[in-house]
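>>> below are the sequence and a predicted model; questions follow.
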Amino acid sequence: MLRNARQTKILELIEEKEIETQEDLCKELEKVNFKVTQATVSRDVRELGLYKIAGVEKRYRYTATRKREGELPERMRALFEAGVETIQAVGNIVVTKTMAGYGSNAGAVIDLLNYAEIVGSIAGDDTVFSLCNTSEDATAARDRLREIAKNL
């Protein structure tokens, strides 16, 4: 589970900050209590399909291979499928229940999917609440998320 949490945090960090090198990424991870080596970060970068683009503050920055709505690296798809237990729509909210400790990972995956139906999500230890504009949007988002979590 540590690798999943670390990789989720990497995706969050590169969205929030311009991170130019693996060494910078190691330092950022250590700031949030992940003890890592450069070799571990190198493997994570490869598994997550990260690449560099031109930065605003720095010459280059890491970014994820997310090009369009619903696109998700296979590693993240497998993480979501493995950790999710149920997905249901309640009014205009999609409630995703996960195994203990997987809530933040599932929330990061839902955010990466960038579904138009989902306005935003809040993740806890084993639950993700995803807010939608309408109950119809929530039903559509639930169905799309269930397709990813094939075991449901």
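That came in fine, so what should we check first? Keep in mind it's a predicted model, so treat the numbers as computed, not measured.
>>> for the protein, what are the low-confidence residue spans?
For the chain, applying pLDDT under 70 flags the ranges 1, 65-71, 151-152.
>>> quickly list the domain ranges of it.
2-63, 74-148 (automatic domain parsing).
>>> pull the contacting residues for the nearest residue to Cys132 once chain neighbours are set aside.
Leaving aside its chain neighbours, Cys132 sits nearest to Ala138 (4.2 Å; criterion: C-beta to C-beta, 6 or more residues apart in numbering). In this view, the C-beta of every residue, glycine as well, is placed from N, C-alpha and C. Under the criterion of C-beta atoms under 8 Å, 6 or more residues apart in numbering, the contact partners of Ala138 comprise 89-94, 117, 130, 132.
>>> tell me which residue is most central in this structure.
The centre of the chain sits closest to Ala108, judged by C-alpha atoms, centre = their mean, with a distance of 2.6 Å.
>>> correct me, but that residue touches Thr8?
Yes: between Ala108 and Thr8 there is a contact at 4.3 Å, judged by C-beta atoms under 8 Å.
>>> for the helix or strand hosting the residue nearest to the centre of the chain, enumerate the helices and strands it packs against.
When elements are defined using DSSP states H and E, Ala108 is found to belong to helix 103-113. With contacts taken as 3 or more C-beta pairs under 8 Å, 6 or more residues apart in numbering; DSSP states H and E, helix 103-113 sits against helix 2-16, helix 74-83, strand 93-98, strand 118-123, strand 127-132, helix 135-148.
>>> how about those in TSV, adding distance to Lys31?
As requested, those are arranged in TSV below (distance: least, C-beta to C-beta, whole Å):
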stretch	distance to Lys31
helix 2-16	9
helix 74-83	23
strand 93-98	26
strand 118-123	20
strand 127-132	25
helix 135-148	31
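>>> out of the ones you listed, nearest to Ile53?
Ranking those by proximity to Ile53 (C-beta to C-beta) places helix 2-16 first, at 10.4 Å.
>>> and the closest one, what's buried?
Buried positions in helix 2-16, judged by neighbour count with 16 or more other C-beta atoms under 10 Å: 4-14.
>>> need phi/psi at Ala116.
Backbone dihedrals for Ala116, given as degrees, to the nearest 10, come out at phi -60, psi -30.
>>> burial measure for it, as a count.
When neighbours are counted by other C-beta atoms under 10 Å, Ala116 registers 12.
>>> repeat for Thr86
Summarising burial for Thr86: neighbours were counted as other C-beta under 10 Å, giving 12.
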